[in-house]
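Enquirer: this one's structure only:
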């Protein structure tokens, strides 16, 4: 039977979450957006910022009224007035930076992707478990109110058996952007492709088979990736990501009872529709918005989880983050993409054929 209404989001007001003292590790663009969002929409407190450059830390601290600036990640991790470290260093430093914080006994929220590869992600998960600290990937999409509604629809079986997931993400970048730097694990796969791959693995799990196609870029990074996957039960998924230009960044989840169409950008606040074969449409209306309106939800959710004694975020479990990176590893294995500092053993050892 077609439902009359969509379920309501269960995400509480971000300002009602218990307060944590946050340290920012890596004062870059996403750290700025996170800090703006958290300071505007929550009671969370940014108490310190750390960078390998003290001048960068001081500039960030001055801009965002952060009390303390440190000139090293180690100093930030050791700071007694920091409860949790938000790791937003370049991709190539996510693992090492997270380890510094975990070894200092700090909870960690790590920008996506959790690591360069699934080996690094599993190591972070293992270290956090051993240390008894919270760890999660900052995949902010899954913390948004609209994705709580989508999660309820999937759990209730409103769409029926899922047969197909299609998702894409392309964007234009200035030639000076780090995405064109091979030494910083450039290319669209980790920056952009993480979103469609995370959606696919969140909905369908790990693929049984995968076939990837790639396109090189003159800078030496990969320019474009497409992949088609098959899953247990016969479901299929298709993803595309590239750095050539902006795309709608839309996503569609097809089931035997209904189709869920997430308007682009699907990874940000915005609307979606559930479309039934007889013509009924149920719409989740929400103004399209960006990081300022959305990043605070993950901070609030993390604060609630830690206050309740939890060590992982239910919205994005570490096993899910690892699964996404396993798929990315297989794509890279097929395309011959190796990131700085990796050796053969770091790439997914069991190929998905």
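Expert: Happy to help now that I have it. Here the structure is a predicted model, which is why all the values come from computation and not from measurement.

Enquirer: mind checking pLDDT for residue 352?
Expert: At residue 352, the pLDDT value in this model is 55.

Enquirer: quick one: contacts for the residue sitting nearest the centre point of the chain?
Expert: Nearest to the geometric centre of the chain sits residue 139, at 2.4 Å (Cα atoms, centre = their mean). Neighbouring residues of residue 139 by Cβ atoms under 8 Å, 6 or more residues apart in numbering: 112, 194, 198, 298, 316, 321. (Each C-beta comes from the backbone N, C-alpha and C, glycine too.)

Enquirer: Low-confidence ranges, the protein, go.
Expert: Within the chain, the stretches with pLDDT under 70 are 343-353.

Enquirer: How is it divided into domains?
Expert: What the record gives for the chain is the domain set 14-140, 142-287+318-346, from automatic domain parsing.

Enquirer: Tell me the secondary structure of the residue lying closest to residue 23 once chain neighbours are set aside, please.
Expert: What sits nearest to residue 23 in space, not counting adjacent residues and going by Cβ to Cβ, 6 or more residues apart in numbering, is residue 82, at 3.8 Å. Here residue 82 is coil, with the state taken from DSSP: H, G, I helix; E, B strand; the rest coil.

Enquirer: Need the phi and psi values for residue 82.
Expert: phi -120, psi 120 (degrees, to the nearest 10).

Enquirer: looking at it, it is touching residue 75, isn't it?
Expert: No. Counting by Cβ atoms under 8 Å, residue 75 is not a contact partner of residue 82; they are 10.2 Å apart.

Enquirer: More neighbours: which of the two?
Expert: residue 82 (26 against 17; other Cβ atoms under 10 Å).

Enquirer: Nearest spatial neighbour of residue 81, chain-adjacent residues omitted?
Expert: Using Cβ to Cβ, 6+ apart, the closest residue to residue 81 is residue 47 (5.0 Å).

Enquirer: neighbours of the one you found, just the number please.
Expert: Residues lying near residue 47 (other Cβ under 10 Å) number 19.

Enquirer: Helix or strand: which one has it?
Expert: Per DSSP states H and E, residue 47 falls inside strand 45-50.

Enquirer: Kindly spell out which helices and strands sit in contact with that strand.
Expert: Using 3 or more Cβ pairs under 8 Å, 6 or more residues apart in numbering; DSSP states H and E, the elements in contact with strand 45-50 are strand 21-25, helix 29-41, helix 54-64, strand 68-70, helix 73-78.

Enquirer: Tell me which helix or strand comes right after the last one.
Expert: As assigned by DSSP H and E, the chain's next helix or strand after helix 73-78 is strand 84-87.

Enquirer: following that following strand, which helix or strand comes up?
Expert: helix 94-103.

Enquirer: Just give the strands next to whichever helix or strand comes after that following helix in its sheet, each with its orientation.
Expert: From helix 94-103 onward toward the C-terminus, using DSSP H and E, the following helix or strand is strand 107-111. If you go by DSSP bridges, strand 107-111 pairs up with strand 84-87 (parallel), strand 135-138 (parallel).

Enquirer: of these, which approaches residue 244 most closely?
Expert: strand 135-138 (26.0 Å; Cβ to Cβ).

Enquirer: Tell me which of the strands paired with strand 107-111 sits nearest to residue 1.
Expert: Nearest to residue 1 among the strands paired with strand 107-111 is strand 135-138; the distance by Cβ to Cβ comes to 36.8 Å.

Enquirer: That closest one: how far from the chain's middle?
Expert: Computed by Cα atoms, centre = their mean, to the nearest Å, the chain-centroid distance of strand 135-138 equals 8 Å.
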